[in-house]
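K.L.:
Give me a model of this one.
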Amino acid sequence: GYFVEILSLDSPDALYIKDCPVKVHAAGPGTGSYGYSRKFIVWLLKHHQEYDVFVVNGIWQYHSFAARNVLNKVNRNYYIFTHGMLDPWFKHQYRLKHLKKLLYWRWGEYPVLRDAKRVFFTSEDEKILSRQTFSLYHCRETVVNYGTSGHQGNASDQRQLFLEHFPHLKNKPYLLYLSRIHPKKGVDLLIEAFAKSVNADSDLQLVIAGPDQTDWKVELDKIAEKYGISHKITWPGMLKGDIKWGAYLNAEAFVLPSHQENFGIVVAEALSCSLPVLISNKVNIWQEIIRDNAGLASDDNLAGTIDLLRRWQQLDASRQNQIRENARNCFLQRFEITRASANLLNIFEKDLAAIKN
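P.N.:
As a prediction, the model looks like this:
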């Protein structure tokens, strides 16, 4: 069998550490946004012999730099997930921040990737895009399955729970956006595209669910008011648990016109609920979605988002139902967590066997 433990830069007093179902060794709190903590290195030097495999999650913070330094010193291999953090979108969108990263790259983060046994990417698109951010770039690239457990619970009860909280949506079709309310996600495009592609007399509604971390909703409300569709938009805030699943299960389709999305757990969750996904071609799993006929994809601009919504509405009922069936199959074949886990374990076992031989 296998066991998994986490070494993190969190404070050991954090409540979420106590609630985590996996054993966590909290070596923080780290200092500042970078998260420096000497305790992290001390712990890893002391305990590394207790583990067979080391997986670093994410870059640009102290944990990846420290893990590379310690594990190289003791001659241990490690793997790393970049989780989309090398996407060139950030380079073009946040130029000053990229300049800061450029100064750190050569001596800080680049050696972390260069020395890793493998750098894991969750799609071919992510792998290819990651090569475009820095001119100095070399690593052992491996595309792996990535996923989630998907829908859990009683679907009928979850549908009812959602409609109890939002009774005005009962018997009304709606498109669901469920993610952070953030400019990167293209919510402004979605609202304007909805206004320009949905007939005024249509019953179709738009549900925009998620936390507003940048106070952007005020501006988005003005866009909705400008086009006279405020009455067609529901803002439930952040949804969790059964009510979240109810939002998926009652929806007609899921929409995410994001400008940058490495994987999109919410896309996989939607698929697990047999929900067609209407996404931009900046969501890095869009090609898999199209290949499995589990949804539609288009450019991450206004014209592309309008096209996305219009094409969905123009499909007849039988075609939409076929896509719903394909959506669930796409999830089971590509993004269900046990398949993703088996894929990773197979890689680890082969690499460990090669070392022993």
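
K.L.:
and Leu302, how many neighbours?
P.N.:
Leu302 sits with 16 neighbouring residues when counted by other Cβ atoms under 10 Å. Yep, even glycine has a C-beta here, placed from its N, CA and C like the rest.

K.L.:
What sits closest to it if chain neighbours are left out?
P.N.:
With sequence-adjacent residues excluded and distances taken as Cβ to Cβ, 6 or more residues apart in numbering, Leu302 is closest to Leu189, at 5.5 Å.

K.L.:
ranges for the helices of the stretch 101-250 of the chain?
P.N.:
110-114, 124-130, 155-165, 187-197, 217-226, 241-250 (DSSP state H, counting those that start in this stretch).

K.L.:
quick one, which of those helices is nearest to Val207?
P.N.:
Nearest to Val207, of all the helices of the stretch 101-250 of the chain, is helix 241-250, at 6.6 Å by Cβ to Cβ.

K.L.:
which parts of that closest one are buried?
P.N.:
Buried residues in helix 241-250, counted by 16 or more other Cβ atoms under 10 Å: Asp242, Ile243, Lys244, Trp245, Gly246, Ala247, Tyr248, Leu249, Asn250.

K.L.:
Would you mind confirming that the fifth one is in contact with Leu163?
P.N.:
The reference is to Gly246. Yes. With contact defined as Cβ atoms under 8 Å, Gly246 and Leu163 form a contacting pair (7.3 Å).

K.L.:
Quick one: residues in contact with stretch 152-168.
P.N.:
Stretch 152-168 has contacts (Cβ atoms under 8 Å, 6 or more residues apart in numbering) with Leu169, Lys170, Val207, Thr234, Pro236, Asp242, Ile243, Trp245, Gly246, Ala247, Leu249, Asn250.

K.L.:
mind checking pLDDT for the fourth one?
P.N.:
Spelled out, that is Thr234. At Thr234, the predicted lDDT confidence score is 98.

K.L.:
Show me what it bridges to in the sheet.
P.N.:
Thr234 has these beta-bridge partners by DSSP bridges: Val207.

K.L.:
can you count the residues close to it?
P.N.:
With other Cβ under 10 Å as criterion, Thr234 counts 17.

K.L.:
what's it in contact with, if anything?
P.N.:
Counted by Cβ under 8 Å, 6+ apart, Thr234 has contacts Phe166, His168, Leu169, Tyr174, Gln205, Leu206, Val207, Ile208.

K.L.:
how about those, which pair is most distant?
P.N.:
Maximum distance among the contacts of Thr234 (Cβ to Cβ): 14.7 Å, for His168 and Ile208.

K.L.:
which one of these two has more residues nearby?
P.N.:
Ile208 (25 against 10).

K.L.:
How many neighbouring residues does the nearest residue to that one once chain neighbours are set aside have?
P.N.:
Once flanking residues are discounted, Ile208 sits nearest to Tyr177: 4.8 Å by Cβ to Cβ, 6+ apart. Residues near Tyr177, counting by other Cβ under 10 Å, number 26.

K.L.:
Is Tyr177 in contact with Leu190, as I believe?
P.N.:
Yes. Between Tyr177 and Leu190 there is a contact under Cβ under 8 Å: 6.0 Å.

K.L.:
any shared contact partners between the two?
P.N.:
Residues touching both Tyr177 and Leu190 by Cβ under 8 Å, 6+ apart: Leu206, Ile208, Val255.
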